[in-house]
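pasted the sequence and its predicted model underneath.
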Amino acid sequence: MLRISELKLPLDHPADALPAAIAHRLGVGPDDLLRWSVWKRAHDARKKTAILKVYIVDAEVKDEAAVLTRLSGDPHVRPTPHTAYRHVATAPPPGGPRPVVIGAGPCGLFAGLILAEMGFRPIILDRGKVVRERTKDTWGLWRRGELNPESNVQFGEGGAGTFSDGKLYSQIKDPRFLGRKVLTEFVAAGAPPEILTEAHPHIGTFRLVTMVESLRAKIESLGGEYRWQHRVTDIELDRGLDGVRRVRGVHLQTGEFLEADQVVLAVGHSSRDTFQMLHDRGVHVEAKPFSIGFRIEHPQSWIDRALFGPCAGHPDLGAAAYSLSHHCANGRTVYSFCMCPGGTVVAATSEPNRVVTNGMSQYSRNERNANSGFVVGISPADYPSDHPLAGVELQRELESRAFVAGGGDYHAPGQLVGDFLAGRASTALGSVTPSYRPGVRPTDLAAIMPGYVVEAMREALPVFGRRIPRYDDPEAVLTGVETRTSSPVRITRGADFQSLNVRGLFPAGEGAGYAGGILSAAVDGIKVAEAVARASVGEAVAA
């Protein structure tokens with residue numbers, strides 16, 4: 001098979017135009033093209049009056065060698081790579097402790113799945129509840145202002161990604177096509193088959209719920225075991241004759257001790273008590289950069305018209321998404337984060353008396369507003385101290401300020417963009433209705449954030465308005481605060497995926513500082529599961 005990339009056709013091209021374009025691109029006759037399939041499909045909207053579809057396709061021709069020789073200098077025609085996933089090991093006969101995975105988000109889910117497929121019968125612990133019970137608790141905060149600190153947007157089956165846009169793309173390097181394994185498993189679990197071919201696939205919250213249930217059933221059928229509402233409160237370590245500390249098990253809030261020689265830490269970016277426990281036990285933890293800011297909302301129709309022009313509303317385009325970045329005069333970078341077309345801003349706190357925002361959308365992306373994180377990058381130099389958990393301290397401070405500014409009942413503080421730019425508090429909202437629930441109270445968001453963040457945002461808004469008309473419209477709405485963009489810590493690991501100073505402890509995913517988003521977290525879960533398997537059978541980790 002041959003893989004052809006950068007194959008461009010008009011947005012409304014007829015179905016027979018694609019095979020004709022493939023044959024033309026390869027310089028073969030129609031009868032020489034034996035079969036073909038779409039690998040990826042995207043669109044190029046840089047010219048709004050002439051939007052193009054862009055394909056990557058796999059094709060089989062009668063004389064592949066001759067075509068490759070003739071097009072040897074063309075980087076867009078190459079042999080199709082092998083993308084099927086292969087397991088790296090098989091579990092030895094049962095006898096010792098089973099591997100333990102802490103966390104049932106995307107990383108823990110795929111670490112558990114791969115271990116189960118290799119016969120290791122993992123035990124997966126999660127402090128939260130199964131996804132449908134968790135959904136009820138989450139709605140309790142959104143509808144009634146009632147927070148369950150152990151079952152919410154952050155904690156429970158599916159992790160934080162369950163209540164998100166469900167984006168399934170990433171910019172990570174993936175030479176082994178592990179992302180394809182993730183997408184294939186998602187389709188088998190009930191995701192739309194189009195996620196295999198769309199360049200920027202997404203699922204949405206409601207479909208993610210049924211998918212994680214299906215994947216849980218598969219893991220259990222392979223010998224894996226889930227234990228819900230089992231929060232890990234401590235880890236048991238000992239020091240061998242060689243002076244090296246090793247994991248011996250985990251303590252649970254139930255009072256139970258679970259013996260384990262290999263523990264995968266897939267705890268997510270909001271497990272602050274776990275970070276503290278690890279630091280107290282001497283596990284190597286360090287502060288890392290993350291970003292802080294607000295959510296910004298516009299009517300989706302504004303974004304569609306700005307990006308798609310006369311093609312706005314075309315069924316093949318769907319709701320328009322954007323990605324923006326600006327490097328400011330004060331050295332800060334302002335950028336859009338986790339953009340949710342046709343979605344809603346959601347209450348995402350996991351701790352009492354704090355307000356946190358995030359974005360969510362369904363597969364249809366048909367809600368009235370577009371929303372995105374509007375955030376500024378910060379580094380450990382900005383934190384209140386040089387303590388490894390100082391980033392957590394900063395997050396908590398900002399979230400507490402937002403709680404107070406929103407009225408102390410989980411309403412979020414909000415402000416019109418025009419008022420924010422003018423440096424005055426908002427006293428009422430305008431034509432753009434914010435989607436956050438329990439609700440939004442107008443105020444002065446600048447009083448919550450550090451001055452350098454506000455300065456950078458006020459510089460970036462007009463810049464973004466020149467790139468996307470009406471982005472800085474005075475009646476667009478900012479809602480605060482966005483603080484859980486990524487983990488504020490890194491639980492540092494070595495080339496073997498184990499903690500730098502504790503053998504058998506495998507930091508993984510977003511909470512450990514090694515992923516950002518559903519797909520990258522799931523891929524990291526696969527890599528860590530492979531490292532656990534290799535360690536179990538005494539093999540070195542492949543580079």
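Received the coordinates, thanks. Quick caveat, the model's predicted, so the values are computed rather than measured.

list the buried residues in stretch 278-294.
In terms of neighbour count (16 or more other CB atoms under 10 Å), stretch 278-294 has its buried residues at 278-279, 283-285, 287-294. The way it works is simple: take the backbone N, C-alpha and C, and place the C-beta from them, glycine included.

average pLDDT for it?
Mean per-residue pLDDT for stretch 278-294: 98.

how far does it sit from its chain's centre?
In terms of CA atoms, centre = their mean, to the nearest Å, the centre of stretch 278-294 is found 18 Å from the chain centre.

just the C-alphas of that stretch, formatted as CSV.
Provided in CSV are the C-alpha atoms of stretch 278-294 (Å, rounded to 0.1, in the frame of the first residue of the first chain):
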residue,chain,number,x,y,z
LEU,A,278,4.1,11.6,47.8
HIS,A,279,6.1,14.6,48.8
ASP,A,280,5.8,13.7,52.5
ARG,A,281,7.1,10.2,51.7
GLY,A,282,10.1,11.6,49.9
VAL,A,283,9.1,10.7,46.3
HIS,A,284,10.8,13.0,43.9
VAL,A,285,8.3,15.8,43.0
GLU,A,286,9.1,19.1,41.4
ALA,A,287,7.2,22.2,40.4
LYS,A,288,6.4,22.7,36.7
PRO,A,289,4.9,25.4,34.6
PHE,A,290,1.2,25.6,33.8
SER,A,291,-1.3,28.3,32.8
ILE,A,292,-4.0,30.4,34.5
GLY,A,293,-6.7,32.6,33.2
PHE,A,294,-10.4,32.6,32.4
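
what residues are up against G190?
207, 210-211, 214 (CB atoms under 8 Å, 6 or more residues apart in numbering).

from G343, how far off is W139?
16 Å (CB to CB, to the nearest Å).

quick one, which of these two is more surrounded?
Between W139 and G343, G343 has the larger neighbour count (other CB atoms under 10 Å), namely 28 against 12.

next one: phi and psi at that one?
The phi/psi pair for G343 (degrees, to the nearest 10) reads phi -130, psi -160.

that one contacts S364, doesn't it?
No. At 10.1 Å, G343 and S364 do not qualify as touching, with contact defined as CB atoms under 8 Å.

shaky segments in the protein?
539-543 (pLDDT under 70).

number of residues surrounding D261?
Neighbour number of D261 under other CB under 10 Å is 18.

correction: A191
A191: 25 surrounding residues under other CB under 10 Å.

which ones are touching it?
183, 203, 207, 211.

tell me which of those residues fall in helices.
Taking DSSP state H as the definition of helices, those contribute 183, 207, 211.

is it true that the first one touches L168?
Yes. A contact is recorded between L183 and L168 when judged using CB under 8 Å, the distance being 6.3 Å.

any shared contact partners between those two?
Overlap of the contact sets of L183 and L168 (by CB under 8 Å, 6+ apart) consists of 195, 201, 519.

for the helix or strand harbouring the last one, packing partners?
Going back to what we said before, that points to L519. Element membership of L519 [criterion: DSSP states H and E] is helix 518-537. Applying 3 or more CB pairs under 8 Å, 6 or more residues apart in numbering; DSSP states H and E, we find helix 518-537 packed against helix 106-117, helix 178-188, strand 263-265, strand 505-507.

so what touches the next helix or strand after the third one?
Counting by DSSP H and E, the next helix or strand C-terminal to strand 263-265 is helix 272-280. For helix 272-280, contacts defined as CB under 8 Å, 6+ apart pick out 102, 232-235, 265, 267, 285, 351, 388-389, 392, 396, 489, 491, 511.

show me where the stretch 101-250 of the chain has strands.
123-126, 225-228, 232-239, 245-252 (DSSP state E, counting those that start in this stretch).

okay, these, which one's buried deepest?
Comparing the strands of the stretch 101-250 of the chain on average neighbours per residue, with mean count of other CB atoms under 10 Å, the densest one is strand 123-126 at a mean of 27.

run through the residues that contact the closest residue to Y363 other than its chain neighbours.
In space, Y363 comes closest to G204 once its chain neighbours are excluded; the distance is 3.5 Å by CB to CB, 6 or more residues apart in numbering. G204 sits next to 165-166, 361-365 when contact means CB under 8 Å, 6+ apart.

what is the nearest of these to G29?
Closest approach between those and G29, by CB to CB: Y363, at 40.6 Å.

against K167, how distant is the closest one?
12 Å.

what do you get for K129?
For K129, the distance to K167 - CB to CB - is 24 Å.

quick one: the helices in the stretch 301-450 of the chain?
Along the stretch 301-450 of the chain, counting by DSSP state H, counting those that start in this stretch, helices occupy 390-405, 417-422.

tell me the buried residues in the shortest one?
For helix 417-422, a neighbour-count test (16+ other CB under 10 Å) marks 417-421 as buried.

correct me, but R368 touches E297?
No. The criterion here is CB under 8 Å, and R368 misses it with E297 at 9.3 Å.

more neighbours, these two?
Using other CB under 10 Å, the more surrounded residue of R368 and E297 is E297, with 29 against 15.

within the helices and strands, which one has the closest residue to P30 other than its chain neighbours?
Once flanking residues are discounted, P30 sits nearest to A23: 5.4 Å by CB to CB, 6+ apart. Here A23, judged by DSSP H and E, is contained in helix 17-26.

against which helices or strands is that helix packed?
Contact analysis of helix 17-26 by 3+ CB pairs under 8 Å, 6+ apart lists strand 2-10, strand 33-44, strand 52-61 as its packing neighbours.

same thing but at 10 Å, please
When contacts are defined as 3 or more CB pairs under 10 Å, 6 or more residues apart in numbering; DSSP states H and E, helix 17-26 packs onto strand 2-10, strand 33-44, strand 52-61, helix 64-70.

can these go into CSV with extra columns for mean neighbour count?
Converted to CSV, the helices and strands packed on helix 17-26 look like this (neighbours: other CB atoms under 10 Å):
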stretch, mean neighbour count
strand 2-10, 16
strand 33-44, 15
strand 52-61, 19
helix 64-70, 14
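
which among those is found nearest to V432?
Closest among the helices and strands packed on helix 17-26, using CB to CB: strand 33-44, at 26.8 Å.

relative to helix 17-26, how tilted is that closest one?
Here strand 33-44 runs at an angle of 100 degrees relative to helix 17-26 (axes from the mean of the first three to the mean of the last three CA atoms, to 10 degrees).

same list, the contacts of A191, but as a markdown table with distance to A428 and neighbour count please.
Formatted as a markdown table, those follow (distance: CB to CB, whole Å; neighbours: other CB atoms under 10 Å):
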| residue | distance to A428 | neighbour count |
| --- | --- | --- |
| L183 | 45 | 22 |
| I203 | 37 | 25 |
| R207 | 37 | 19 |
| M211 | 41 | 23 |
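
can you get me a residue count around A381?
8.

list the buried residues for the helix holding A23?
So for helix 17-26, counting by 16+ other CB under 10 Å, buried means 18, 21-23, 25-26.

and for stretch 323-332?
Using 16+ other CB under 10 Å as the test for burial, stretch 323-332 gives 324, 326, 328, 332.

ok, now how distant is the third one from L178?
Distance from C328 to L178, counting by CB to CB: 36 Å.

cool, the first one as well?
When distances are taken as CB to CB, L324 and L178 turn out to be 29 Å apart.

now V532: closest residue in space that isn't a chain neighbour?
Nearest to V532 is Q262, by CB to CB, 6+ apart, at 5.0 Å.

from the buried residues of stretch 278-294, which land in strands?
287, 290-294 (DSSP state E).
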